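>>> Provided below for reference: sequence and predicted model.
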Amino acid sequence: MNPHGVRALALLLVVAAEPAAAQSWRLRFDVAAQRVSFRGVTADSVPESGVVAGPTGGPVTSDGFAAYCYGDGFCRFYRPGSIRSGLPASGSTDLTLWGLGITGLRIRVNARLLRDLSGNRLWPGTTPALRLVEGFAEYTRDRFTGRMGRLLELGRLGNAGTGGLDGVRATWQSAPRGVLLGGYLGWGLARGTTLPVTSPAVNPLAEYQPEQRQFVAGALAGLHLGEVDAELEYRREVDPFTDYFVSERAAISLQGGVLPRVRVVAGADYNIAEGRWGSAEGSVAYTGNLLWATLGARRYRPFFDLWTVWGVFNPVPYAGVNGSLTVGPVKGVRVGARGEWFRYDPAEVITPNVTLEDSGWRWGVDATYAPGTQWQAETRVHGEARPGASSSGFDGAFTWRPNDALTLSARGGSLERPLELRFQDAGVIWAGGSATWRSGERWSLGMSVDRYWESRDRPDAASFDWNQWRVSARVSLTLRSDADRWALPPGRPREATP
Amino acid sequence: MTRRTGRVVAVLSASVALAAAAAMRQDRPAPFDHPSHAKLFVTCTSCHVGTEEAGAALLPTPESCAACHDGTVHRRTDWRPRVGPRPSNLRFDHVGHATVRRERGDTAQSCADCHAERTNPWMTIRGPSAPQCLSCHRVEAEHLTVPDTTCATCHLPLARADALTRDRIARFPAPPTHRAPVFMRTGGHGVQAKSAQSCSTCHARDFCAACHVNAPETPAIQALAPDPRSLAIPHQLKAPVGHADRTFERAHGAAAGKAGAACGTCHTKESCFACHSGEAPRPVLGLHQAGPGRGAGAATTRRPPTNHVAGWEGRHGPVASAAMRTCTSCHIRDSCLECHRPDASRRDGYHPSGYLTRHPADAYNRTGSCSDCHNQGEFCQSCHKQSGLSSRRTLLGPGGYHDGNRQFGLGHGQAARQALESCASCHVERECLTCHSVVRGRGFSPHGPGFDPARLLRKNPQLCIACHGTAIPQR
């Protein structure tokens, strides 16, 4: 169908969106656009003879740029590039439809259109412009649920946006409290996107890329005991061209309420292909009337597919403990603090030339004052001291809601972010405001304007101006039949559904 | 249309409307003025023959009125008797009652017993009242509190009272029992309905099915006749008291999974979709599917669970990472993207305002798992390429990023092991293989702690061949 046909069909759907008997549906449109501009860098080089010792002892070009010399006769450096601008605009539609004459059938479609209206294509994700994020038919009968189409397998082995496949999925449950068994198979999508791994869009640097999409198969086994849930998941991906593994992993997740107001969540994954544990998390949360607290531990290890060689460089995991405490001593006041300490496993590599810390911490304190529903003031101070990169700063916001429809907000803050592996000790101060207007549950309009003042505290000529304006706008429209989501309506028979 | 034409049309429309209203008014028979005729008739049956004679008309004909109201003796009248059955759900039968009374020898003023007060003048009448019925039938209770078995003495089931209009049905008085607090709870009307014989007096199957989505499987409801007029009685699907409890959202999943849970009384699978728009939790599978012949089910208001307190956005990460499926029962991918996408208008988004400026520190140490949402190539590499930061030739190609440390190229090992994803956001693999390859590079081994070559060789030998060629060392 040509673009005019698609537009005409979409318009027809909106205009003629009168549900037939026994149908319910929800349709949501989101449109957003923002104006962005930034100054990039341009790689340049000079002969080694053209550099002199700079204020920090390192080589500097004659026009003042810190350079990096490899000993091959040339020194490299970055010059400020030209200012580049873009106008990325996105539109997404989300449709859930059920009651199609076949009991148990549901259809769900979520698609997104993202284009850079300036034509510069500098915003990521604009090629291809139109994407099917999720689109499947689901059939539920008694204890069986089957899905077919583009699926996002949202589990321990892939959070939002990963683990997608074009294929089928089926689950069966013995009883509401009992065993769940399931599985899925199909052709996988690349991680963190809705494109196949063979798409040029996921390979901007022209690196090695598989010739065919990976074949994905997975199995689920769950146990539901009311307050406690446990689930095991196994997933393998195979390259059909070579018949070798792309990945093979398993995961376990547990969650449950062990005491009143206390909830425990834990999960871990194991990389079978590489023979080592991946990431893991565990936390205990207490939710009281005046106090909320969490205590947890986690471990993070990056995961790479076996069609890349990154995995054999043996990235080391870090493990940390974290906690948070929030108290609401009086009505309208909330004060919270959070913190995490973490340490990397020994990298087992001798680096006499470059020494890095192997542990770090993060902390934050925030306070909110909301005496009523009309206005709210909040502020936050945070700091991170970490290997390779640090940051610290504060921000605050004031929000005023003169009525249910309109929300006005003003905000500002500052951030210092030194980077350890290069000359970079940038500071940024920003201030801005936003307005959001909602018309019931259907329309939502939003706009924001922010001004950034950034100072690059470098000892060389690369300390150029990055000050900028950022403007964005968003429109959201939700259409639906009355059987869905909104306040409790009078009961009525299905036959009488308008 | 000209203004003149418009006025003409408006006047004509108003005229037609008035005429129609008058005609409708004329269709309704005016009530007969009994007291004015008190001196004319000495018995009721002179006009109401049908009260004693089976098959005779209960009401007089217009022609009998015209005997006097002929326009000469008296003015003409447009009174006409009601056509069709009586707009009532009474099963009262005049002839039957008259017969019984005759058999008992009771003939004096039999009509006035019900249709007039004893002290009223002749032909000052009124409609019969329920207490009179109850009195004769020896039911010692108020009309709406009579024993369950006695309603059918005087009343037809609603579905058989064909002439009752929706307006009349809507004005049905509710018995006091219906106002009791327990009536709508467990053990209330549901238990009573299983043995009750009187529900059908005022209700029909449609009325129950409006709330009870399990109506097709409920014998007490199926025992009632269908009648859409029953929906005229005002009804509101009220949530049980327990649903307002603060812990309900947290606890309802476990309660729904228990044997004997009554969720299926009001909820279909579809009512759960209001919140569980992602992966439906397991108890949902036990509910009925909405469809023809079944109510839509109680729609629900989406409320967050109790642990989603203020500030939850900043703390949900570990929970979401550990057990994602907990989230996906209520949240679909778009729910995550409400925050997990750049939006400068939202300060408390996943990435706060101005995050582009501050992302290097978070990305370097992977405060969160960036690759959960961002594809390394499509997002990180393409943006860094646009900024001029990426390097895709050899290690000695365009460089200069690590300009703060002259020796970084020789001592990058620890940084690479700690933040390999950050390296891969600008560098390509073959750039690293300039040194870390046996066949094309300088043979520096990149393998570190926990490396299991035998396993990797078994899973994907291409990985080994990339650096070692076919002469893969066996260890």
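The structure has been received and is ready for your questions. Fair warning: this is a prediction, and the values are worked out from it, not measured in the lab.
>>> alpha carbons only for contacts and neighbour counts from here, please
Noted.
>>> Ramachandran coordinates for the residue nearest to A:E207 when sequence neighbours are not counted?
The spatially closest residue to A:E207, leaving aside those adjacent along the chain, is B:V428, at 6.3 Å (CA to CA, 6 or more residues apart in numbering or on different chains). Here is the backbone geometry of B:V428 (degrees, to the nearest 10): phi -100, psi 160.
>>> tally of neighbours for B:V428?
Neighbour count for B:V428, taken as other CA atoms under 10 Å in any protein chain shown: 24.
>>> Now do it, the pLDDT please.
The score at B:V428 is 86. That number is its pLDDT.
>>> now swap in A:T436 and tell me
88.
>>> Mind jotting down where the strands sit in the stretch 201-350 of chain A?
A:215-225, A:228-239, A:244-259, A:262-271, A:276-287, A:291-300, A:318-327, A:333-344 (DSSP state E, counting those that start in this stretch).
>>> So for chain B, which of these sits nearest?
strand A:262-271 (4.2 Å; CA to the nearest CA).
>>> That closest one: partners in the sheet, and parallel or antiparallel?
With DSSP bridges as the test, strand A:262-271 is paired with strand A:244-259 (antiparallel), strand A:276-287 (antiparallel).
>>> And the contacts of it?
Residues outside strand A:262-271 that contact it (CA atoms under 8 Å, 6 or more residues apart in numbering or on different chains) are A:156-157, A:247-258, A:276-287, B:319, B:321-323.
>>> what do you get if the cut-off is 6 Å, keeping everything else the same?
Strand A:262-271 is contacted by residues A:249-257, A:277-286, B:322 when judged by CA atoms under 6 Å, 6 or more residues apart in numbering or on different chains.
>>> quick one on the thing from earlier: just send the strands of the stretch 201-350 of chain A back as a markdown table, with mean neighbour count too.
As requested, the strands of the stretch 201-350 of chain A are exported to a markdown table (neighbours: other CA atoms under 10 Å in any protein chain shown):
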| stretch | mean neighbour count |
| --- | --- |
| strand A:215-225 | 20 |
| strand A:228-239 | 20 |
| strand A:244-259 | 20 |
| strand A:262-271 | 21 |
| strand A:276-287 | 21 |
| strand A:291-300 | 19 |
| strand A:318-327 | 19 |
| strand A:333-344 | 19 |
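>>> got CSV for those strands, with distance to B:P281 and mean pLDDT too?
Listed next are those as CSV, based on distance: least, CA to CA, whole Å; pLDDT from 0 to 100:
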stretch, distance to B:P281, mean pLDDT
strand A:215-225, 10, 90
strand A:228-239, 11, 90
strand A:244-259, 14, 89
strand A:262-271, 17, 90
strand A:276-287, 22, 89
strand A:291-300, 25, 91
strand A:318-327, 29, 93
strand A:333-344, 32, 92
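>>> Out of those strands, which is closest to B:P62?
Checking the strands of the stretch 201-350 of chain A against B:P62 by CA to CA gives strand A:215-225 as the closest, at 76.5 Å.
>>> If A:V52 is in a bridge, with which residues?
Under the criterion used (DSSP bridges), A:V52 bridges to A:V60.
>>> In the stretch 351-475 of chain B, where is pLDDT below threshold?
Counting by pLDDT under 70, the stretch 351-475 of chain B contains low-confidence ranges at B:352-354, B:392-400, B:403-406, B:474-475.
>>> Can you show me the helices along it?
B:355-365, B:382-387, B:413-418, B:420-423, B:429-432, B:453-459, B:461-468 (DSSP state H, counting those that start in this stretch).
>>> what about the longest one and chain A, touching?
Going back to what we said before, that points to helix B:355-365. Yes - against chain A, helix B:355-365 shows contacts by CA under 6 Å from any CA of the partner chain at B:A361.
>>> distance between that helix and the chain's centre?
45 Å (CA atoms, centre = their mean, to the nearest Å).
>>> Give me the nearest residue to A:A111, chain neighbours excluded.
Nearest non-adjacent residue to A:A111, counting by CA to CA, 6+ apart: A:L132, 4.4 Å away.
>>> close enough to count as contact, A:S476 and A:D30?
Yes - here A:S476 lies in contact with A:D30, judged by CA atoms under 6 Å, at a distance of 4.3 Å.
>>> For the closest residue to A:V333 other than its chain neighbours, list the residues it contacts.
Nearest residue to A:V333 in three dimensions, chain neighbours excluded: A:Y369, at 4.6 Å (CA to CA, 6+ apart). Counting by CA under 6 Å, 6+ apart, A:Y369 makes contact with A:G332, A:V333, A:Q376, A:A377.
>>> do the same with B:N89
B:H155, B:L156, B:A161.
>>> which one of those residues is nearest chain A?
For the contacts of B:N89, the nearest to chain A is B:A161 (21.4 Å; CA to the nearest CA).
>>> Give me the neighbour count for that closest one.
19.
>>> excluding its backbone neighbours, what's nearest it?
B:N89 (4.9 Å).
>>> Would you mind measuring from the one you found to B:P176?
Per CA to CA, to the nearest Å, B:N89 is found 20 Å from B:P176.
>>> mind listing the helices for the stretch 1-150 of chain A?
Using DSSP H, counting those that start in this stretch, helices in the stretch 1-150 of chain A cover A:3-15.
>>> Flag every residue of it that's near chain B.
A:A22, A:G40, A:V41, A:T42, A:A43, A:Y68, A:R76, A:F77, A:T103, A:P124, A:R143.
>>> biggest separation within those, which pair?
The widest separation within the residues of the stretch 1-150 of chain A next to chain B (CA to CA) is 69.4 Å, between A:A22 and A:Y68.
>>> Tell me which of those two has more neighbours.
For A:A22 versus A:Y68, the count of surrounding residues by other CA under 10 Å is larger for A:Y68: 29 against 24.
>>> Does that one touch A:T61 like I think?
No - with contact defined as CA under 6 Å, A:Y68 does not reach A:T61; the gap is 9.9 Å.
>>> If we ignore the residues flanking it in sequence, what's nearest B:A57?
Spatial nearest neighbour of B:A57, excluding adjacent residues (CA to CA, 6+ apart): B:G50 at 4.7 Å.
>>> can you give me the helices in the stretch 101-250 of chain B?
Counting by DSSP H, counting those that start in this stretch, the helices of the stretch 101-250 of chain B are B:112-115, B:130-136, B:151-154, B:166-170, B:189-195, B:199-202, B:205-211, B:219-222, B:248-257.
>>> need those helices in CSV with distance to chain A, mean neighbour count and mean pLDDT, can you?
Below are the helices of the stretch 101-250 of chain B laid out as CSV (distance: least, CA to the nearest CA, whole Å; neighbours: other CA atoms under 10 Å in any protein chain shown; pLDDT from 0 to 100):
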stretch, distance to chain A, mean neighbour count, mean pLDDT
helix B:112-115, 40, 16, 82
helix B:130-136, 32, 14, 84
helix B:151-154, 27, 16, 85
helix B:166-170, 15, 15, 89
helix B:189-195, 17, 14, 79
helix B:199-202, 17, 21, 88
helix B:205-211, 4, 25, 83
helix B:219-222, 13, 18, 83
helix B:248-257, 4, 17, 72
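>>> Dump these to CSV, plus distance to A:L87.
Formatted as CSV, the helices of the stretch 101-250 of chain B follow (distance: least, CA to CA, whole Å):
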stretch, distance to A:L87
helix B:112-115, 84
helix B:130-136, 78
helix B:151-154, 74
helix B:166-170, 59
helix B:189-195, 61
helix B:199-202, 65
helix B:205-211, 51
helix B:219-222, 61
helix B:248-257, 42
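>>> got any ranges where the stretch 1-150 of chain A has weak pLDDT?
A:1-24, A:56, A:99, A:101.
>>> Repeat the analysis, applying 90 as the threshold.
A:1-46, A:48-112, A:114, A:116-127, A:133-134, A:138-145 (pLDDT under 90).
>>> For A:W363, give me its contacts.
A:R338, A:G339, A:H382, A:G383 are the contacts of A:W363 under CA under 6 Å, 6+ apart.
>>> hang on, the earlier thing: quick one: buried ones out of the contacts of A:Y369?
The neighbour count (16 or more other CA atoms under 10 Å in any protein chain shown) marks A:V333, A:Q376, A:A377 as buried among the contacts of A:Y369.
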